[in-house]
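K.L.:
Got a predicted structure here, sequence first:
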Amino acid sequence: MTDICAVLITAPDAEWLGSFVRSLVGDRLCAVGHVSPVRSIYRWQGEVHDTGEALATLRTVPSRVPEIIARTKREHPYVVPSIITMPISDATPDYHAWVIEQSSPA
């Protein structure tokens with residue numbers, strides 16, 4: 001059941017990310033996106049940062065991932081946004097079918 005996947009995107013704040021995810025769902029690029037606060041500790045330009053961010057976890061089909069990545073790169077406030085895709089190896093049949101249906105062009 002690897003024909004659905006999760007895409008994880010971080011951003012500096014939940015408001016921007018929520019609006020961005022809403023546009024992705026509205027354009028049927030993903031079925032759903034969960035936006036959560038996270039604490040990120042990372043190295044950037046030689047310094048270690050410890051900041052609050054927001055994390056979106058999207059559910060979609062692999063064929064929609066290239067457009068999600070392109071749109072994220074175009075609209076994201078970070079120079080190097082974190083965009084990670086992971087296959088979903090198992091899901092309930094109803095949820096699996098729903099993700100495929102909602103992520104497919106109308």
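P.N.:
Good, I have the coordinates.
K.L.:
show me where this protein has strands.
P.N.:
According to DSSP state E, the chain carries its strands in the segments 5-11, 32-44, 47-60, 83-87.
K.L.:
can you list contacts of the lengthiest helix in the chain?
P.N.:
Using DSSP state H, we find that the single longest helix of the chain is helix 14-26. The set of residues external to helix 14-26 that reach it, using Cβ atoms under 8 Å, 6 or more residues apart in numbering, is 9-11, 30-33, 35, 37, 54-56, 58, 68, 71-72, 75-77, 102. Where C-beta positions appear, they are placed from N, C-alpha and C, glycine not excepted.
K.L.:
Can you get me a residue count around residue 98?
P.N.:
16 (other Cβ atoms under 10 Å).
K.L.:
mind listing what it touches?
P.N.:
With Cβ under 8 Å, 6+ apart, residue 98 has these contacts: residue 31.
K.L.:
Same question for residue 84.
P.N.:
Contacts here follow Cβ under 8 Å, 6+ apart; on that basis residue 84 touches 7, 8, 9.
K.L.:
so what's the spatially closest residue to residue 34 that is not a sequence neighbour bridging to?
P.N.:
The shortest distance from residue 34 to any non-neighbouring residue, by Cβ to Cβ, 6 or more residues apart in numbering, is to residue 57 (4.7 Å). On the basis of DSSP bridges, residue 57 takes part in beta bridges with residue 8, residue 34.
K.L.:
Test my guess that residue 57 contacts residue 6.
P.N.:
Yes: Residue 57 is in contact with residue 6 according to Cβ atoms under 8 Å; the separation is 5.8 Å.
K.L.:
re the thing from before, and of the contacts of residue 84, the nearest to residue 85?
P.N.:
residue 7 (5.1 Å; Cβ to Cβ).
K.L.:
what's the pLDDT at the closest one?
P.N.:
We note a pLDDT of 98 for residue 7 in this prediction.
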